[in-house]
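A.B. asks: Quick one, what's the 3D model for this:
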Amino acid sequence: MRLKKPDQKFLLLCAISMLTGILAGIFLAVKCRTGNGAAGIFSPYYLKEYAYLDIDRRKLMLIVAKERGKWLLLLWALGFSTVGRFCIYLFPAVWGVIGTLFLAQAFASMGIAGIGLGLLFQVPQILIYVPLFLWMMEEADKKSRQFAYLRKIGTAGKNNRRYFLCFFVALSVLFLGILTESYAGSGLVQMILRIVY
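C.D. replies: Below is the predicted model:
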């Protein structure tokens, strides 16, 4: 199984979906006035507390594994359905909404510095998660198309070995992302917050 450059049409549909999610997130942030008057995670009090918090990295790793793993499992399972090829494009939209609301809260609490801090919260694990989920989305899209075709000819349950292998490779890369997020990501944020606070 070798990695290759994603299909241009696939990337375009993902970009359109993500932009739609970002626009929806902006609309929700403006309508709900995200961050106005709320303490939130970008309040100076919370950030100062977080900077000096003694984090149990193993517990954090389990929480992160549960949160990231459910997305990967759902994405993988969509490959076994005929509607999966349409549903996978909801993922970038949902992530666009969530990311925009997160950054809107950061901006409302701290201004432009909040956006920088919000982006810092995502580094370095996002460098692992984005390619991983793009690759898994493309694999789920291919499997869903194959499943729809094989269902028509009556052999839908066959030829799953490659897709299972993709899932186990994705789990391995996800584990690397989880380790990075739990140890390096949170440590980096704490180190920078200790300089500021």
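A.B. asks: use CA for all of it now, contacts and neighbours both
C.D. replies: Fine.
A.B. asks: how close does Ile195 get to Ala170?
C.D. replies: Relative to Ala170, Ile195 is positioned 36 Å away (Cα to Cα, to the nearest Å).
A.B. asks: Could you do Gly187 as well?
C.D. replies: Counting by Cα to Cα - Gly187 and Ala170 are separated by 25 Å.
A.B. asks: again with Val97
C.D. replies: 24 Å.
A.B. asks: Could you check which of Gly187 and Ala170 is surrounded by more residues?
C.D. replies: Shown here are Gly187 and Ala170; by other Cα atoms under 10 Å, Ala170 has more neighbours (20 against 16).
A.B. asks: The more buried one: what's its closest spatial neighbour, skipping adjacent residues?
C.D. replies: In this structure, Ala170 finds its nearest non-sequential neighbour in Leu132, 6.7 Å apart by Cα to Cα, 6 or more residues apart in numbering.
A.B. asks: Could you give the number of residues near that neighbour?
C.D. replies: 18.
A.B. asks: What of Gly21?
C.D. replies: 23.
A.B. asks: following the single longest helix found in the chain, which helix or strand shows up next?
C.D. replies: Longest helix in the chain by number of residues (criterion: DSSP state H): helix 126-153. Helices and strands here follow DSSP states H and E; after helix 126-153, the next one along the chain is helix 161-179.
A.B. asks: what's in contact with the helix or strand following that following helix?
C.D. replies: As assigned by DSSP H and E, the chain's next helix or strand after helix 161-179 is helix 186-196. Applying Cα atoms under 8 Å, 6 or more residues apart in numbering, the contact partners of helix 186-196 are 47-48, 50-52, 120-121.
A.B. asks: make it 6 Å
C.D. replies: Ala51 (Cα atoms under 6 Å, 6 or more residues apart in numbering).
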